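Q: 3D, please:
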Amino acid sequence: MADRVIFACIVILAGIYFYATAQIPSLEIGDPLGPKAFPRLLGIGLLVTAGMLLLEMWRESANKSDTSGQEPKGDHVHLYVIGGVSIWTALYFLVFERFGYVVASTLYLLALMAYFNRGKWIANVTTAVLFAVGSYGMFNYLLGVSLPKGFLPY
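A: Model prediction:
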């Protein structure tokens, strides 16, 4: 059941994303790909992800020997996890500007990794901090994309 919910959310998100991408104005001068290229690649990535999930669901249903049609016990727990991650992501979006990219992303990733990769605090903290700092450096210095600094003085 959870796979179907995730699949539907990915397809809906991809549709909204493609609609929003179509609203970006095209420029007649400059880069021939224009500002729509990267967002369209992300939308295609969402659809590929949805397709891979659909393929996995199809294979799983073909291999299932239990034809009773009942959900396994404890499957509702996955819905709580999806809801929790969705709420945590919404909170991340709310504090993104105030806390800044590095702090908000580090806290966001650290909490998710603490749940999904329990007990491995050194790896979780290292990964969260290095990803947030590394991606900030890549976007800010390499690509010239300004991300919110928040309350850090860098």
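Q: what distance do you get for V103 to A20?
A: For V103, the distance to A20 (C-beta to C-beta, to the nearest Å) stands at 27 Å. Heads up, the C-betas are built off the backbone N, CA and C, glycines and all.
Q: which of those two has more neighbours?
A: V103 (18 against 11; other C-beta atoms under 10 Å).
Q: can you name the helix or strand that the residue nearest the centre of the chain falls in?
A: The residue lying closest to the centre of the chain (C-alpha atoms, centre = their mean) is T89, at 8.7 Å. T89 belongs to helix 76-99 when assigned by DSSP states H and E.
Q: who touches that helix?
A: For helix 76-99, the surrounding residues in contact (C-beta atoms under 8 Å, 6 or more residues apart in numbering) are 1-2, 5-6, 104-105, 107-108, 111-112, 148, 150-151.
Q: mind running it again at 6 Å?
A: 2, 104, 108, 148, 150 (C-beta atoms under 6 Å, 6 or more residues apart in numbering).
Q: do stretch 115-124 as well
A: Here stretch 115-124 makes contact (C-beta under 6 Å, 6+ apart) with 113-114.
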